[in-house]
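S.K.: Using only what follows, build the 3D model:
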Amino acid sequence: MRGFIIAVLLGLAVDVTSGQGSIQLIPQYPVINGAVILRVTGITEEIVNFIWFKGPNRNSQYAILTYISGSSNPTITGPQYNPRITAFSNGSLRIKDLQIRDGGNYTVMIQTVMAAHNIFVYLTVYEPVTKPKITGSTTQPKENDTVTLTCDTSKATTIRWIRRSAGISSEAKLSGDNKTLTIIVKRGDSGEYRCEAENLVSKESSDPYRVSVAYGPDKARIQGELLVGLGSPITLTCSADSEPDPEYQWGFNGKVLEQKIYKYSISNATTENQGLYTCVVKNTVTLRNATVSVYVNVSADIISQDNGSSPKIIGIIVAIVLLLILIAATIYLFIMHKRRKSPSHTNSNVKGSSKNESLETRQKDIPLYENVQVPRIKEESSYMDLQFRSEDTYTELRR
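M.R.: Sure, this is the predicted structure:
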């Protein structure tokens, strides 16, 4: 009965068709396991019925469902129907739990009170990209080796390569689909590489892939005091540009020493420690070596300095400086104190001087009677003091 109804409806709509209306996909890029609405737009007339088809044409075998407005049971299912599909009275169709097989050609034939409308749309169900994974020919190539990195992913429409904190070498080459990156590596190409995969509905990034370019050793060198005093320590440090970290072997006057680290030291130097020291640097990946030598002189003319003497000397210098500052401050305070006392003392001296001057002035005004010499009264008669000029005078007196 339902097949008969569909056939009748198709027959009624054959002669009356129109290009009006359209179908909008919501969302625009449907994703697997998600949902999509095939929304009919542009139909302004009252809808009497509509039929949805999935397939190359509108044959009944491709019918999904028929919807009859006003019916108590409006939906009539067709051969392409499944329970994940729902029809709406405005002619739209909803499909949930999308599967890849849901993709394809969809047609809706809508019968209104005025005309019939056939509207077509193609549905693509998208899959998210898979998480990319980088595989490489080696993780520790030697300098100037060729390294190939491959980004393994699927469902991606775009693949890009990224190196952390730096760009990809300008000499790198990409395959046509960008999945393969080829580099003739230099030491500057070391770092963490990632690939990103993207399509219209998703984006994923790989875990970092570390590339460490092995090189060296280059520019081997020894640092340390080459002229030391008796009893002083000898400390020599060997280094070189190398990746990975190299191994070290020390030698003295042509004899191999036990030390196999970058630093060689002697706590108390004697004349026997004077001589030629050699450091051999070895890279176990590049299989290259570098050698450097220095001559260390041990002399009794150089005063031995304890390693801890520098802090002591600094402490003594600081103490002396503080003492000088204290002395200078004391002298300054003493001078300022004297200056504050000087005005009052001067005034007292001036006042005292004025008093003395006044006293002297007064003394000058008083007659100096104390300087008068009073003649003593002698007991002898005054005439005894008389002196006569000659004997004649005496004679005259007697007469």
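
S.K.: How about the contacts made by the residue nearest to Gly78 when sequence neighbours are not counted?
M.R.: Nearest residue to Gly78, sequence neighbours excluded (CB to CB, 6 or more residues apart in numbering): Ala63, at 3.1 Å. Heads up, the C-betas are built off the backbone N, CA and C, glycines and all. By CB atoms under 8 Å, 6 or more residues apart in numbering, Ala63 lies in contact with 6, 51-53, 78-81.

S.K.: what do you get if the cut-off is 7 Å, keeping everything else the same?
M.R.: Ala63 sits next to 6, 51, 53, 78-80 when contact means CB atoms under 7 Å, 6 or more residues apart in numbering.

S.K.: Can you flag the buried ones in those residues?
M.R.: In these, burial by neighbour count holds for 6, 51, 53, 78, 80, counting by 16 or more other CB atoms under 10 Å.

S.K.: need the contact list for the last one.
M.R.: When the contact criterion is CB under 7 Å, 6+ apart, the partners of Gln80 are 54-55, 62-64.

S.K.: before we move on, the earlier item: out of the contacts of Ala63, name the ones that lie in strands.
M.R.: Applying DSSP state E to the contacts of Ala63, the entries found in strands are 51, 53.

S.K.: Redo the contacts of Ala63 as a markdown table? Include pLDDT and distance to Pro208.
M.R.: As requested, the contacts of Ala63 are exported to a markdown table (pLDDT from 0 to 100; distance: CB to CB, whole Å):
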| residue | pLDDT | distance to Pro208 |
| --- | --- | --- |
| Ile6 | 46 | 59 |
| Ile51 | 98 | 55 |
| Phe53 | 98 | 50 |
| Gly78 | 97 | 53 |
| Pro79 | 97 | 52 |
| Gln80 | 97 | 47 |
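
S.K.: any idea how this structure splits into domains?
M.R.: For the chain, automatic domain parsing gives the domain ranges 2-123, 133-211, 216-299.

S.K.: Any idea which of those gets closest to Val318?
M.R.: Val318 lies closest, by CB to CB, to one member of the domains of the chain: domain 216-299, at 24.8 Å.

S.K.: From one end of the closest one to the other, what's the distance?
M.R.: 36 Å (CA to CA, to the nearest Å).

S.K.: Number the residues from 40 up from this point.
M.R.: Yep, numbering from 40; the last one is domain 255-338 now.

S.K.: Which one, of the domains of the chain, ends up nearest to Val360?
M.R.: domain 255-338 (28.1 Å).

S.K.: just how off-centre is the closest one within its chain?
M.R.: 35 Å (CA atoms, centre = their mean, to the nearest Å).

S.K.: give me phi/psi at the nearest residue to Asn238 once chain neighbours are set aside?
M.R.: Excluding its sequence neighbours, the residue lying closest to Asn238 (CB to CB, 6+ apart) is Thr196, at 4.5 Å. Reported as degrees, to the nearest 10, the phi and psi values for Thr196 are phi -100, psi -20.

S.K.: Report the contact partners of Thr196.
M.R.: For Thr196, the contacting residues are 237-239, by CB under 7 Å, 6+ apart.

S.K.: any idea how far it is from Tyr165?
M.R.: 10 Å (CB to CB, to the nearest Å).

S.K.: Tell me the bridge partners for Leu64.
M.R.: Leu77 (DSSP bridges).

S.K.: Test my guess that it contacts Val75.
M.R.: Yes. Leu64 is within contact range of Val75, at 6.0 Å (criterion: CB atoms under 7 Å).

S.K.: More neighbours: which of the two?
M.R.: It is Val75, of Leu64 and Val75, that has more neighbours when counted by other CB atoms under 10 Å, with 21 against 16.

S.K.: In strands, which of the contacts of Gln119 fall?
M.R.: Residues of these located in strands (DSSP E): 93, 102-103.

S.K.: hmm, back to that, find residues that contact each of Thr196 and Tyr165.
M.R.: Listed as contacting both Thr196 and Tyr165 by CB under 7 Å, 6+ apart are 238-239.

S.K.: Redo the contacts of Thr196 as CSV? Include neighbour count and pLDDT.
M.R.: Supplementary listing: the contacts of Thr196 in CSV, determined by neighbours: other CB atoms under 10 Å; pLDDT from 0 to 100:
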residue, neighbour count, pLDDT
Glu237, 18, 97
Asn238, 18, 96
Leu239, 13, 95
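
S.K.: any idea which of those residues is closest to Glu264?
M.R.: Closest to Glu264, out of all of the contacts of Thr196 and judged by CB to CB, is Glu237, at 59.9 Å.

S.K.: And the residue lying closest to the closest one once chain neighbours are set aside, how close does it get to Ser244?
M.R.: Distances taken as CB to CB, 6+ apart put Thr197 closest to Glu237, at 4.5 Å, once the chain neighbours are dropped. From Thr197 over to Ser244 the distance is 12 Å, taken as CB to CB.

S.K.: swap in Leu188?
M.R.: When distance is defined by CB to CB, Leu188 is 14 Å away from Ser244.

S.K.: Looking at these two, which has the bigger crowd around it?
M.R.: Leu188 (20 against 14).

S.K.: Then that one would be within a helix, right?
M.R.: No. If the criterion is DSSP: H, G, I helix; E, B strand; the rest coil, then Leu188 is strand and not within a helix.
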